[in-house]
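# coordinates for the following, if possible.
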Amino acid sequence: MRLLLTFTVLAVLIGGVAAWWSGGSDDVADASAPTAPAAAPSPAAVASKDVPPSAAPKSPKASPSASVTKGGGKSTQVPKSGPGTFKAGKGKGDGSTVGKGLIRTYRVQVEDGILVSADQAADEVAAILADPRSWAHDGKHGFRQVSSGSADLVIRIATPDTADALCLAAIHLDTGNELNCEVPGGVVVNLRRWILGSPTFTGPISDYRALIINHEVGHSLGHGHEGCPGPGKLAPAMMQQIKGLDGCLPNAWPYDRQGHYISGPHVT
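Below is the predicted model of the structure:
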């Protein structure tokens, strides 16, 4: 009976998230991905704390995962699940544009109840996209942050269970409670990766967050995966560095400080 109940709850979660993601489609899907069908509820309702029960996916009450020890011996607990509702962040640069060429609007949302400030996350993402080594400095793309209304790209930071459900519903990808994903019109960031980083990536957590954003936004711009160009060289931002570096050095950015693209062999 307990097993049947578990499968029933999981089915409701995935089904609810699938309806929610397509219903939140004020986002313009990337040209390389199919556009999700539009349906109620409205995107504004999805991003609000006041989402009615029928409009949001059901998740168990937020619960911590097993403790993970990072540098210095400090134990950090990351909630494994959350309510499945999100709050949009209003960054200090809300409405400002970086880069040139095709300007894409983007919004940052953080799942409710996970002790990550949506406003601070919006500022952090804005700083990543404004960095001289980011995609905004390729001369072809630019980004403008918006905290409300329609957006070409919605970047959501979600608990592992919610991230799994979003990625599975949108692109049928099993992220195993560990990975991030790019979906039509958006990016799903696993809270575990945002807080803890990756065991294969040395350096400050701010650098690993930059890698998350640059890698997934790179997918939305049409870039595929790349491999290590050679031992001792910088890993491309489009390399799946969480799966290993193959002799490369960890790197968060598409471009180096001289403006050269950090590339590697195409990976299918």
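# what segments of this structure are strands?
Secondary structure of the chain, counting by DSSP state E: strands at 68-69, 75-76, 86-88, 97-99, 102-111, 141-145, 153-158, 181-183, 186-190.
# weakest of the ones you listed in terms of mean pLDDT?
Across these, strand 68-69 has the smallest mean pLDDT, namely a mean of 36.
# just the helices in the stretch 51-200 of the chain please.
With DSSP state H, counting those that start in this stretch, the ranges of helices along the stretch 51-200 of the chain come out as 118-130, 160-171, 191-196.
# which of the ones you listed is buried the deepest?
Mean neighbour count (mean count of other Cβ atoms under 10 Å) peaks for helix 160-171 among the helices of the stretch 51-200 of the chain, with a mean of 24. For glycine as for every other residue, the C-beta is placed from the backbone atoms N, C-alpha and C.
# quick one: low-confidence parts of the protein?
Where the chain drops to pLDDT under 70, the residues are 1-76.
# try 90
Applying pLDDT under 90 to the chain flags the ranges 1-77, 91-96, 100, 115, 137-139, 148-149, 199-200, 202-203, 242, 268.
# returning to that earlier point: for the helices of the stretch 51-200 of the chain, which one sits closest to H219?
helix 160-171 (10.5 Å; Cβ to Cβ).
# helices or strands up against that closest one?
Applying 3 or more Cβ pairs under 8 Å, 6 or more residues apart in numbering; DSSP states H and E, one finds that helix 160-171 makes contact with helix 2-23, strand 181-183, strand 186-190, helix 191-196.
# pull up the pairing partners for the shortest one, direction included.
Same thing as strand 181-183. Here strand 181-183 is paired, per DSSP bridges, with strand 186-190 (antiparallel).
# OK, contacts around K90?
Contacts here follow Cβ atoms under 8 Å, 6 or more residues apart in numbering; on that basis K90 touches A118, D119, A122, S147.
# next, format those as a markdown table and append distance to R257.
Converted to a markdown table, these look like this (distance: Cβ to Cβ, whole Å):
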| residue | distance to R257 |
| --- | --- |
| A118 | 31 |
| D119 | 29 |
| A122 | 26 |
| S147 | 31 |
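# and those residues, which is closest to I212?
A122 (14.7 Å).
# which residues touch the closest one?
A88, G89, K90, G91, D94, V108, Q145, S147.
# could you check how far it is from I213?
A122 is 12 Å from I213, where distance means Cβ to Cβ, to the nearest Å.
# and what of H172?
H172 sits 23 Å away from I213 when distances are taken as Cβ to Cβ.
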